[in-house]
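Q: Sequence isn't available, so here's the structure alone:
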């Protein structure tokens, strides 16, 4: 996929002399550095190696190594359209505080897991809402797979937070907002997203997103995130809330059994092209994992439900209590 992506960058409408490509190999063992160094391209192509440290550190490394004034972050599973780089450049022009959100489109070629297709539909719905301004561009919408930023602006913000297991892009978005960044969306800065990850990776990421959203509110001061997810929950249809509540109340065995059944149903429905049923099945799994992560990080099921249905005063007090408790523990550990 990396070979194909680099080949497609040769087809960009912008002159190859105007950009460089930096590949950061994050402790890989598949010969990527040697493969990249052997490639012949019309643009400057470099590979940087580091010990396995995670995506946030890898992106920060690439930004430090970059020689240009503007950076476009791209995941390695993208198929960029010919005008992607030029569209990013055009949207950034004459705005020293610009952060441009590119567009990701579903990849329909080849055989992929039903959970990947679920993610495709979520992306499509999201970008349709952003494009029509139903979801205006903001730090909350910053997805690291395809966005551009001025290098100096990125470095001043401190880059991605390597302490977060997920959501480090959104956390960066919030920091950039506080610095007065101008978030923009460019439909022309588009790429297909191939989404190749395994079921285990997909389910684990949904749990970690729940954990991270609580951390953003409690540890990073972004209280609006918990208010947002509380409204998400109460706004969900009753069947989804029943499944989530049953899973949270029932313990690990019940949750695992529900997940096993829903996964099987979703895969079979996908094979039978019952797309709606498959989508609902994986939405329920995502909800189970996400809300379990949020509950675990907030202090349990009861704490989560009290927060969701609590008054603004109660929510503020709970966050303050959690923040103070964590600060005490960290102080002792130091």
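A: Thanks, I have the structure now. In this text the structure is predicted, and so the values were computed from the model without any measurement.
Q: Give the residue spans of the stretch 51-200 of the chain that score low on pLDDT.
A: Applying pLDDT under 70 to the stretch 51-200 of the chain picks out no residues at all.
Q: Just the helices from it, written as ranges.
A: Here the stretch 51-200 of the chain has its helices, by DSSP state H, counting those that start in this stretch, at 55-65, 84-92, 114-131, 151-157, 168-178, 199-218.
Q: Adding distance to residue 297 and mean neighbour count, write these out as CSV.
A: The way it works is simple: take the backbone N, C-alpha and C, and place the C-beta from them, glycine included. Formatted as CSV, the helices of the stretch 51-200 of the chain follow (distance: least, Cβ to Cβ, whole Å; neighbours: other Cβ atoms under 10 Å):
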stretch, distance to residue 297, mean neighbour count
helix 55-65, 19, 18
helix 84-92, 35, 21
helix 114-131, 22, 18
helix 151-157, 25, 16
helix 168-178, 15, 21
helix 199-218, 4, 20
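Q: Which of those sits closest to residue 33?
A: Among these, helix 55-65 comes nearest to residue 33, with 13.2 Å by Cβ to Cβ.
Q: how far off helix 168-178 does the closest one point, in degrees?
A: Counting by axes from the mean of the first three to the mean of the last three Cα atoms, to 10 degrees, helix 55-65 lies at 50 degrees to helix 168-178.
Q: could you say what helices and strands helix 55-65 packs with?
A: strand 20-26, strand 44-50, strand 70-74, helix 151-157 (3 or more Cβ pairs under 8 Å, 6 or more residues apart in numbering; DSSP states H and E).
Q: TSV for these, including distance to residue 324?
A: As requested, those are exported to TSV (distance: least, Cβ to Cβ, whole Å):
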stretch	distance to residue 324
strand 20-26	36
strand 44-50	36
strand 70-74	35
helix 151-157	27
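Q: For residue 140, which of the helices of the stretch 51-200 of the chain is the nearest?
A: helix 168-178 (6.0 Å).
Q: per-residue confidence at the nearest residue to residue 61 once chain neighbours are set aside?
A: Excluding its sequence neighbours, the residue lying closest to residue 61 (Cβ to Cβ, 6 or more residues apart in numbering) is residue 24, at 5.2 Å. pLDDT recorded at residue 24 is 96.
Q: Of the helices and strands packed on helix 55-65, give the one that comes closest to residue 323.
A: Nearest to residue 323, of those and by Cβ to Cβ, is helix 151-157 at 22.3 Å.
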